[in-house]
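> the amino acid sequence is not available; the structure is as follows:
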């Protein structure tokens, strides 16, 4: 982490309100047909987008590295993750997983009519991209991939932190859509915060996806509720990602744990939504010493934007933080907008007493270690933590029972639990859940990663007493598409 | 409909803020254990509640008839529907349908960890019951049944329109919980609007279900968003339920259609959320005449509350409504709070021009008939309708193609489509969807009726790299509960 990269950023002009309106009208015009395309057709479009992004990865990575300073290695991996995600959703819709058909056949005995239900696209959606993932949570990211797969046209509000990367990605997608014979209106990008607000209020937009800060997300969520017709808002806002180390684990491998923790804490200059902001450890001098040594060896590098850097500096200067006992402090490094990684330390009683100001995300490489003497006392405060995307528990030999208690307690406060691992690095796979209670997500039953991310952009429709010829193919009595459907068993309600 | 019933209502004292807080604390205390009970255990509790409600149905119906004037026949049917619904959710959880497990096994090639995801209860939830269904959408109604099935304790805010019925239902459920050995804190009822607001703001409450008016629901939804931790709000607020009659259907059976329409419009004094507030018919004199005759033969009877009656009288006195051409008007009848059923008529161009004031729910037996000359002109305005719970299309011989166009157009605006039928009468079955775009629902991907109503009260949790002994039984590698689980196929993302 001895990066001296400077950020080079050339803004794209803000989109006007009338440009936003026009984009929404275009999206609305192409929406009905796209919603009704077969899964295979949508899959082919998603795969074509993935292929062209892979072909352009060198150019994309160069643009993103100039704008984010995240480094070519990480960014090349992120492009691959992004195209892998597009291909995963192609698989999901090829198999018709998003249809979720349920059939209740007519029942003369109870005079029940024939009712058949499936999911269908909501309509055009708005996607707000994130600063910290210029690909995976940006123009071609998971929200876009899942929404296109669902059958929804997408209008992305580009992040100010990487406008040229956004423009370039939009151009690659436009070529892919043209190649695949799909309408250009399926993916459009707008620029500027005013354009973002206009997008949330546009009558054609039927849902919003957002990845970003608590204040930014809360403001847009509230804006979405001021519409004459409030719409769903799916926001991923902030997360502390607590990790608990049990005493046996601490005793067995203090150096390894310390290295893992500091690596996760400082990865990407601490700018991950799954950054382990809170670490609960036994008051074990060897582990605490190892953490102190590891953080002292860490060096900051360029943060994503000046605003993010300024905010970090402000948060770590607050007395609530800076008055805490310092466990260790790394080096600022010589890059511009480079923070100093640091870890501070409190006891359980102090943490419990000042929960509101200490259980607070400080976006960047600032970690809080809470040293506990008694696991029961720790378990008593875990339910008071704000919602998180992820949490971890590290257990040594013979500690499975304690690990189960920790996992069970945390399971009400987080969307993902990791055993003997760290929260950074979200695997793109069908079973992944990336959400959680507020503020991890504004809609805790939904996810922005994994196969079920597609469900945010779908709504059910039930057909009652419909003749077969009028039913969508997905619901016809002969099941011509061979979909996996759930049929209500006789006598079951 | 020559009912002269008077409403007899004895209020239950309002719950104080500290009573609400205490109830929420009790719910939170029993929540973790209830969330982790096996499906069979929850099913047994739901069935016991259903059995005791069935046993008490005479007493319940007497109480409800005195408070709502809905009549013994309808209310007896509603108790049966309510207990049927409890038993349906018992079936759902017995089969483990609510678990929705997805498994992504570790993949060494892509360094993917083992990830396993399932749904689990959100925690204590608040349920606001409706005026118009003292059983099916009240204390023991669908929201309560689905939340208990999900594993969530419930606190019901009783409706002012039927306090004694609510109290009595609460007592029956308390006996059933005691019988089944379940904690009393699983179902508690509070009274009064201040108590309702305190409930929405209580830190222990994790989600809200609501059935009621657009203003009431919007206010509570906004209140839920002012919490430090905004929570999901699932509201069913209002619905116009448009029905389109095609010309062949109109010509073939005008009297039958008129009788069906007026029957649906005046059912329960028009106080159904699925009341057909908008009827689109060809400008066919025989059908219009038959509707006029049918409505003239209808008589109003006691509405649910004085407030609902006053509001109806106010809405039909508004110039936007009262200046419209009158197709027919029934009789007020001699009951107190009895409205006069009436149907007014406009042309498509007038309707389109004044959509904002004409496409508006007037809760009660007031129907608007829009006469069209040209189906294409009608299809052009249907996408502008507000969201509805249901819609219908009536087609004659050889009209399937036109019916398909109508259904396809309406499918973006409603949650349920009915062929050759009327929207009132929502079958309780697995495939039912009772939701729709705003204002039909505040969360258009969710339903308050049907097997999937349970999903509102659940949130996913993913387990990463967990040893088998630490996994919940639902996710263990051997699948000891024999659940239907989705496993990510190899090579799929």
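All right, it came through fine. Please read these numbers as outputs of a predicted model, since none were measured by experiment.

> residue A:46 contacts residue A:88, doesn't it?
No. The pair residue A:46 / residue A:88 is not scored as a contact, 9.1 Å apart, by Cβ atoms under 8 Å. In this view, the C-beta of every residue, glycine as well, is placed from N, C-alpha and C.

> can you report how many residues lie near the closest residue to residue A:464 other than its chain neighbours?
Distances taken as Cβ to Cβ, 6 or more residues apart in numbering or on different chains place residue B:418 nearest to residue A:464, at 4.4 Å, with adjacent residues excluded. By the measure other Cβ atoms under 10 Å in any protein chain shown, the count of residues near residue B:418 is 27.

> give the contact list for residue A:248.
Going by Cβ atoms under 8 Å, 6 or more residues apart in numbering or on different chains, residue A:248 touches A:395-399.

> which SS class is it?
Under DSSP: H, G, I helix; E, B strand; the rest coil, residue A:248 falls in the helix class.

> quick one: the strands in the stretch 201-350 of chain A, in order.
Using DSSP state E, counting those that start in this stretch, the strands assigned to the stretch 201-350 of chain A run over residues A:207-211, A:233-236, A:243-245, A:278-282, A:325-329, A:342-347.

> including mean neighbour count, distance to chain B and mean pLDDT, could those go into JSON lines?
What follows is those, written out as JSON lines (neighbours: other Cβ atoms under 10 Å in any protein chain shown; distance: least, Cβ to the nearest Cβ, whole Å; pLDDT from 0 to 100):
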{"stretch": "strand A:207-211", "mean neighbour count": "26", "distance to chain B": "8", "mean pLDDT": "98"}
{"stretch": "strand A:233-236", "mean neighbour count": "26", "distance to chain B": "10", "mean pLDDT": "98"}
{"stretch": "strand A:243-245", "mean neighbour count": "28", "distance to chain B": "12", "mean pLDDT": "98"}
{"stretch": "strand A:278-282", "mean neighbour count": "24", "distance to chain B": "17", "mean pLDDT": "98"}
{"stretch": "strand A:325-329", "mean neighbour count": "17", "distance to chain B": "27", "mean pLDDT": "97"}
{"stretch": "strand A:342-347", "mean neighbour count": "21", "distance to chain B": "22", "mean pLDDT": "98"}
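
> out of these, nearest to residue A:164?
Minimum separation from residue A:164 across the strands of the stretch 201-350 of chain A (Cβ to Cβ) falls at strand A:207-211, 19.6 Å.

> let me know the average pLDDT across stretch A:82-89.
Regarding stretch A:82-89, the rounded mean pLDDT is 98.

> equivalent analysis for stretch A:254-268, please.
Averaging pLDDT along stretch A:254-268 yields 97.

> any part of whichever strand or helix holds residue A:84 near chain B?
Using DSSP states H and E, residue A:84 sits within helix A:72-94. Yes. Shown here: helix A:72-94 in contact with chain B (Cβ under 8 Å from any Cβ of the partner chain) through A:84-85, A:87-89, A:91-92.

> what's the helix or strand encompassing residue A:367 packed up against?
Using DSSP H and E, the element containing residue A:367 is strand A:366-372. Strand A:366-372 sits against helix A:254-266, strand A:278-282, helix A:285-296, helix A:306-317, strand A:342-347, helix A:348-353, with contacts defined as 3 or more Cβ pairs under 8 Å, 6 or more residues apart in numbering or on different chains; DSSP states H and E.

> out of these, flag the one nearest residue A:73.
The closest of these to residue A:73 is helix A:254-266. By Cβ to Cβ, the value is 14.7 Å.

> in the closest one, which residues are buried?
A:254, A:257-262, A:264-266 (16 or more other Cβ atoms under 10 Å in any protein chain shown).

> tell me the angle it makes with strand A:366-372.
For helix A:254-266 against strand A:366-372, the angle by axes from the mean of the first three to the mean of the last three Cα atoms, to 10 degrees is 140 degrees.

> quick one on the thing from earlier: I'd like the next helix or strand past the strand holding residue A:367.
Sequence-wise, the next helix or strand downstream of strand A:366-372 (DSSP H and E) is helix A:375-381.

> each with direction, which strands does the helix or strand following that next one pair with?
Scanning forward in sequence from helix A:375-381 by DSSP H and E, the next helix or strand is strand A:391-394. Paired neighbours of strand A:391-394 in the sheet (DSSP bridges): strand A:243-245 (parallel), strand A:416-419 (parallel).

> what's the closest of those to residue B:343?
Comparing these under Cβ to Cβ, the one sitting nearest is strand A:416-419, at 55.5 Å.

> what angle separates the helix or strand just after the closest one from strand A:207-211?
Once strand A:416-419 ends, the next helix or strand along the chain (criterion: DSSP H and E) is strand A:458-464. Following the same axes, to 10 degrees, one obtains 150 degrees for the angle between strand A:458-464 and strand A:207-211.

> so what touches the next helix or strand along the chain from strand A:458-464?
Sequence-wise, the next helix or strand downstream of strand A:458-464 (DSSP H and E) is strand A:486-487. Identification of contacts with strand A:486-487 by Cβ under 8 Å, 6+ apart yields A:101-105, B:97, B:430.

> so what's the residue count around the residue in the stretch 51-200 of chain A positioned nearest to chain B?
The stretch 51-200 of chain A approaches chain B most closely through residue A:88 (2.6 Å), counting by Cβ to the nearest Cβ. Counted with other Cβ under 10 Å, residues neighbouring residue A:88 total 26.

> same deal with residue A:160?
20.

> do the same with residue A:397
Residue A:397 has 8 neighbouring residues, counting by other Cβ under 10 Å.

> find the nearest non-adjacent residue to it, please.
Going by Cβ to Cβ, 6+ apart, residue A:397 has residue A:248 as its nearest residue, at 6.2 Å.

> what do you get for residue A:361?
residue A:238 (4.6 Å).

> that neighbour is in contact with residue A:441, isn't it?
No. In this structure residue A:238 lies outside contact range of residue A:441 using Cβ under 8 Å: 9.9 Å.

> now distance to residue B:119 too, for the helices and strands packed on strand A:366-372, in TSV please.
TSV is the format used below for these (distance: least, Cβ to Cβ, whole Å):
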stretch	distance to residue B:119
helix A:254-266	28
strand A:278-282	26
helix A:285-296	35
helix A:306-317	35
strand A:342-347	35
helix A:348-353	30
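
> before we move on, back to that, now the residue nearest to residue A:464: how far from residue B:299?
Residue B:418 is 26 Å from residue B:299, where distance means Cβ to Cβ, to the nearest Å.

> low-confidence ranges in chain A?
Within chain A, the stretches with pLDDT under 70 are A:1-5, A:493.

> what sits against residue A:152?
A:31, A:34-35, A:121-125, A:206-207, A:457.
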